[in-house]
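Student: return atomic coordinates for the entry below.
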Amino acid sequence: VESFTIDVNNISNEGATLDIMWENTLVSVPFGVKTDAEVMASFKRMMDGPSVNEYYSMGNYMFETGKDLETALEYVRKSTSGDNARYWSVHREALILGALGRYEEAIATAKKSYELAKQAGSNDYMLLNEKAMAEWMK
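Tutor: Residues are numbered from 1 along each chain as shown. So this is what the prediction gives:
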């Protein structure tokens, strides 16, 4: 091999080899991947139903892309129910409520996010909530 080359070969679901070649030298380093274990774990999670994070991600995506905001709100609320409430997900819930024109609910939710952010020491989210509430109070 005239030029120093690094290549991945012998690719399978279980692994591959990283081949390093230069001149008359070939070093082949085999490595494995846990594809089957990861796929089976993913299938199990899927069959068990969406997680809190997956509900948040789905709701956030729907909000960011302007899709069905009522469904986005439903998904985000599933991610903020009970002990799952985190300041960033509650803030997203408030933003969706604001986008729906439900300002009283949006303000109450933003206040909850503000308090959670304050407990967590997140000044950025405290400011984001203050800014959103000021807008909705107009």
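Student: how many neighbours does G32 have?
Tutor: Residues near G32, counting by other CB atoms under 10 Å, number 9. (Each C-beta comes from the backbone N, C-alpha and C, glycine too.)
Student: per-residue confidence at the closest residue to it other than its chain neighbours?
Tutor: Spatial nearest neighbour of G32, chain neighbours left out: G15 (3.9 Å); criterion: CB to CB, 6 or more residues apart in numbering. What the model reports as pLDDT for G15 is 94.
Student: kindly report the same for K112.
Tutor: K112 is assigned a predicted lDDT (pLDDT) of 97.
Student: next: S51.
Tutor: pLDDT, S51: 86.
Student: phi first, then psi, for the nearest residue to it once chain neighbours are set aside.
Tutor: Setting aside the residues directly before and after it, S51 is nearest to R45 in space (CB to CB, 6+ apart), at 6.8 Å. The phi/psi pair for R45 (degrees, to the nearest 10) reads phi -60, psi -40.
Student: distance of R45 relative to Q119?
Tutor: R45 sits 30 Å away from Q119, going by CB to CB, to the nearest Å.
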